[in-house]
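J.: Here you go, sequence then predicted model.
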Amino acid sequence: MHLTNDQLNEYLDGQTDDRARIQTHLDSCDDCAARLATLQTLFAELDSLPDLALTTPLAARVLLNLERTPRLPRWLTLTSLLQTAAAVVAIIVAAPLVLDYLPTVQAPTWTDTLAQIQIQWLTWIDALAAIQAPTMPEIPALGISSLSASLVMACAFVLWLFGNRALLRNRL
Ligand SMILES: [Zn+2]
């Protein structure tokens, strides 16, 4: 049985109970000794960066965790859901103002434009269903047409997309 990354990490941190057993294995196993050396190099490089000195143990653990669980952390999913809800609420609040403004800018192709937007929206819905993204909450009945509701949902979705892009970029 080789040593786990956790065991090597704890050994380096001096936080292990069976230091003697780990030492014995390291003396007889080139594989684990090499992995320990790699971790030591990583620690040394992180220590050599003044700004990152305090985050050394955290950074090493994050790297190890990333190897083990290559999926989005729970907090990111939760943040996305909250963000979606906030965007939908904001759009619903703003919708009456937008709807008041709409009749004054009617153009000959307005109906065609709306129809195209709705088709685009339905395409997005299909794409969303295909990638199993979080589903959008239903808009409460406000006495507005389904076309207007589609517009509102499209705006909310765009906001949601931009928010997630920002989130993912911050994570890197
Ligand atoms: Zn080993």
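T.: Yes, it's here.
J.: At the contact with the ion, which residues of the chain appear?
T.: 2, 29, 31-32 (CB under 5 Å from the ion). Placement of C-beta: from N, CA and C, glycine included.
J.: Among these, name the buried ones.
T.: Buried by 16 or more other CB atoms under 10 Å: residue 32, out of these.
J.: ok, the residues of the chain next to the ion vs residue 15, which is closest?
T.: Using CB to CB, residue 32 comes nearest to residue 15 of the residues of the chain next to the ion, at 17.5 Å.
J.: how is this protein carved up into domains?
T.: Annotated domains of the chain cover 5-68, 74-171 [automatic domain parsing].
J.: same question for the shortest one, mean pLDDT?
T.: So the one you mean is domain 5-68. For domain 5-68, mean pLDDT rounds to 83.
J.: what's the pLDDT at the spatially most central residue of the chain?
T.: The centroid of the chain falls nearest to residue 76 when counting by CA atoms, centre = their mean (4.3 Å). Looking at residue 76, its pLDDT reads 72.
J.: again, but for residue 170
T.: For residue 170, the model assigns a pLDDT of 69.
J.: likewise residue 2?
T.: 94.
J.: hmm, back to that, distance check, the residue nearest to the centre of the chain against residue 85.
T.: Distance, residue 76 to residue 85, using CB to CB, to the nearest Å: 15 Å.
J.: same thing with residue 116?
T.: In terms of CB to CB, residue 116 sits 28 Å off from residue 85.
J.: Looking at these two, which has the bigger crowd around it?
T.: Neighbours were tallied for residue 116 and for residue 85 using other CB atoms under 10 Å; the higher tally belongs to residue 85 (14 against 11).
J.: in what helix or strand does the more buried one lie?
T.: Using DSSP states H and E, residue 85 sits within helix 74-101.
J.: any idea of the mean pLDDT in the next helix-or-strand element following that helix?
T.: As assigned by DSSP H and E, the chain's next helix or strand after helix 74-101 is helix 110-131. Mean pLDDT, helix 110-131: 78.
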